[in-house]
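1. Generate coordinates for the sequence data below:
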Amino acid sequence: MTQIDIKVASSEILEKYFIGNELPLEAPVETWINYEREEKGMDVKMKSFCHLLFYSKLGSQLFDSINLDLDGSCCLIGTTILTAVRIAVDPLTEVVYSENPDRNFLKSNNFSYGIVVVGELPYSESVGDSTNLTIAEPGYDTITNVCEYVKCVVIIMSGRPVVIEPYLPKMEALVAAWLPGTEGQGVSDVLFGDYGFTGKLARTWFKTVDQLPMNVGDPHYDPLFPFGYGLTTIPIERKATQ
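-> Below is the predicted model:
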């Protein structure tokens, strides 16, 4: 049994966030989280005085996750790509989220654009060994369902190139986000033009797994995206001044 006791130093607002409400912050809020765990019938109290500083952005900021390591030694604040998108768009823009949108869902809504986030399941070392290098289901179905009905950008979160070539013609744009960590706002920053895309592929992106292994200089080098490939975009502000 895990219990998290939240104590807010200067405001009770934070507690509301933990029951699903927005967190409107007018100033930094310092909080301490006490972590208490029961293990093997024995009460094991491990207090982690994680000093969390929350800062407001335009009067409101949303954080998606506050996690504690099992030993209670670390706190982690994370912003998902979904929350980052909601922060980035105009307040009058409606952001509709669906974990697994089907075609009827797309047909019944008049969407302007679609942002599809797919990728691999978490793994480490040999647990992630794969002979097919595909993304997790229902990733490919989601790409097909969304991109056939609305202009879409597909964001792939993975630790390596994965099979995507058959679905590329359906997309308006493809972003290899790799493993962006806890800060989804880094993805939305380039997606919405606050910063430009500058990244280049550090390895060849194959068309099919049958081509592997494949490296620059091979006699039959025919990748989907070659080593060093990557579009460069100009931030919106700088573009407007040119």
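2. My read is that residue 227 contacts residue 206, right?
-> No. Using C-beta atoms under 8 Å, residue 227 makes no contact with residue 206, being 11.2 Å away. The way it works is simple: take the backbone N, C-alpha and C, and place the C-beta from them, glycine included.
3. Break the protein down into its domains, please.
-> Per automatic domain parsing, the domain ranges recorded for the chain read 2-78, 82-241.
4. Return the member of the ones you listed having the minimum mean pLDDT.
-> Lowest mean pLDDT of these: domain 2-78, a mean of 39.
5. before we move on, back to that, neighbour count for residue 227 and residue 206, which is higher?
-> residue 206 (21 against 16; other C-beta atoms under 10 Å).
6. Report the separation between that one and residue 186.
-> If you measure residue 206 against residue 186 using C-beta to C-beta, to the nearest Å, the figure is 26 Å.
7. Likewise for residue 176?
-> Residue 176 is 13 Å from residue 186, where distance means C-beta to C-beta.
8. Looking at the two now, which is surrounded by more residues?
-> Using other C-beta under 10 Å, the more surrounded residue of residue 176 and residue 186 is residue 176, with 19 against 16.
9. Show me what that one is bridged to.
-> residue 156 (DSSP bridges).
10. Do I have it right that it meets residue 156?
-> Yes. Counting by C-beta under 8 Å, residue 176 does reach residue 156; the two are 5.5 Å apart.
11. Report the set of residues contacting both of those two.
-> Residues touching both residue 176 and residue 156 by C-beta atoms under 8 Å, 6 or more residues apart in numbering: none at all.
12. Next, the buried residues of stretch 92-111.
-> Judged by neighbour count (16 or more other C-beta atoms under 10 Å), stretch 92-111 contains these buried residues: 101, 106.
13. Now tell me what touches it from outside.
-> Stretch 92-111 is contacted from outside by 82, 85-86, 89, 138, 141-142, 145-146, 148-150, using C-beta under 8 Å, 6+ apart.
14. Out of those, which end up buried?
-> Here, 16+ other C-beta under 10 Å leaves 82, 85-86, 142, 145-146, 149-150 buried among the contacts of stretch 92-111.
15. Now, these that are in helices?
-> 82, 85-86, 142, 145-146 (DSSP state H).
16. farthest pair in those residues?
-> 86 and 145 (21.9 Å; C-beta to C-beta).
17. Return the residues in contact with residue 147.
-> 114, 116, 154, 167, 170-172.
18. rerun that using 6 Å as the cut-off
-> Counting by C-beta atoms under 6 Å, 6 or more residues apart in numbering, residue 147 makes contact with 170-171.
19. Span of stretch 106-118 from start to end?
-> End-to-end span of stretch 106-118 (C-alpha to C-alpha, to the nearest Å): 17 Å.
20. Nothing else from me, thank you.
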